[in-house]
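Participant: coordinates for the following, if possible.
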Amino acid sequence: MRKILVTVLFACVAIHRVECDVTHTSRRAASRAVPNYQNDAVFGSSWERARVLAELEQSVEDWNAEVVATASDAASAVAKRRLIVMPLDDRFDPPPGVFSHGHVQTGDKMSLPKNFFAAIQRNNAEIPWLFEVSRIKGITSERVTVPDSAQESNLDKVVGGALDFRSPSNYIFLPKWMILALSLKPGDVVEVRLITTVPPGSAVRLRPLKSEFLKINNHQAVLETELKHYSSLTRGSTIPFDYLGKRYYFDVVDLRSAPRGEKVPIAKVQDCDLAAEFVRAKDQLQKPK
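Facilitator: Here you go, the predicted model:
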């Protein structure tokens with residue numbers, strides 16, 4: 001049943017913060033600036049932001065409800081959603097001892113709503129569980145660029161794994177590199193679906209953005225260790241690794257699938273016999289005159 005918009009508005013004014021400080025254990029998307037209700041200008045601005053967010057949430061929920069209502073079976077009813085993008089931060093970091101601890105931003109894991117766990121079960125999806133995040137033509141806002149960003153990407157979709165399934169309904173939380181890969185900003189709407197057709201990878205070529213990474217004595221071993229935090233790779237994306245307190249970035253320039261070594265846009269790398277190599281660092285490429 002469609003929510004009553006006025007009710008949503010009052011709820012948003014009370015609990016939503018503008019910077020979308022939503023945790024994966026509660027359903028809050030609110031501004032860090034507390035409205036001063038004695039100031040009409042501030043109150044009016046806060047109300048307008050709440051109204052826009054409420055309408056966005058309602059439109060996403062309506063679309064998702066239509067997916068459920070028109071699905072051909074129970075498995076497809078939970079395998080696809082439109083979701084509002086929010087950034088992952090350290091509050092999503094799993095406790096020590098869990099594999100992804102310390103790798104919220106240096107892996108391909110995302111926080112998803114619980115319907116996707118049901119999708120895994122109903123579709124009998126095999127590990128690694130992978131999810132495709134796509135821009136929606138005419139729905140996702142125009143591409144944004146971040147000044148001084150290490151990433152330059154115009155991808156329309158990326159694939160990654162699940163960090164957890166505790167995101168609020170209608171929201172998804174992504175690592176920063178995924179947001180930059182799709183040229184998104186917080187509050188954008190994307191389409192997310194369980195994907196079970198990603199081929200296993202056989203080889204990957206990575207281009208370090210800075211040649212200093214190649215000066216690390218055991219850089220190949222570092223690569224193999226850090227790639228374990230990625231379930232899949234997307235050609236054209238720029239992924240981060242951390243080593244000794246420093247973050248390094250790498251362009252995924254080539255991907256090959258097993259067993260024939262065919263060139264593919266996306267490949268699984270978890271539990272695969274993957275040959276990884278580096279190409280010449282980006283800062284060593286000769287600039288055109």
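
Participant: quick one: the most centrally placed residue in the chain from D283, how far?
Facilitator: Compute the mean C-alpha point of the chain, and by C-alpha atoms, centre = their mean the closest residue is L174, 3.1 Å away. Separation of L174 from D283 (C-beta to C-beta, to the nearest Å) stands at 27 Å. For the C-beta atoms, the positions are set from N, CA and C on the backbone; glycine is no exception.

Participant: and the residue nearest to the centre of the chain, what does it touch?
Facilitator: V85, M86, P87, L88, M110, V133, G160, L184 (C-beta atoms under 8 Å, 6 or more residues apart in numbering).

Participant: tell me which entries of those lie within strands.
Facilitator: V85, M86, P87, M110, V133, G160 (DSSP state E).

Participant: isn't R235 right up against D251?
Facilitator: No. The criterion here is C-beta atoms under 8 Å, and R235 misses it with D251 at 9.3 Å.

Participant: helix or strand for V68, which one?
Facilitator: Assessed by DSSP states H and E, V68 sits inside helix 40-70.

Participant: same for that helix, what does it pack against?
Facilitator: helix 5-15, strand 80-87 (3 or more C-beta pairs under 8 Å, 6 or more residues apart in numbering; DSSP states H and E).

Participant: just how off-centre is the next helix or strand along the chain from that helix within its chain?
Facilitator: Under the assignment DSSP H and E, the closest C-terminal helix or strand after helix 40-70 is helix 74-77. The chain centroid and the centroid of helix 74-77 are separated by 23 Å under C-alpha atoms, centre = their mean, to the nearest Å.

Participant: now do the helices in this structure.
Facilitator: 5-15, 40-70, 74-77, 115-122, 176-181, 219-226 (DSSP state H).

Participant: wait, what's in contact with the nearest residue to E126 once chain neighbours are set aside?
Facilitator: Distances taken as C-beta to C-beta, 6 or more residues apart in numbering place T196 nearest to E126, at 7.3 Å, with adjacent residues excluded. Applying C-beta under 8 Å, 6+ apart, we find T196 in contact with N123, A125, E126, L130.

Participant: measure the third one to G97 for me?
Facilitator: Per C-beta to C-beta, E126 is found 25 Å from G97.

Participant: in terms of neighbours, single out the busier of these two.
Facilitator: Between E126 and G97, counted using other C-beta atoms under 10 Å, E126 has the larger neighbour count: 10 against 6.
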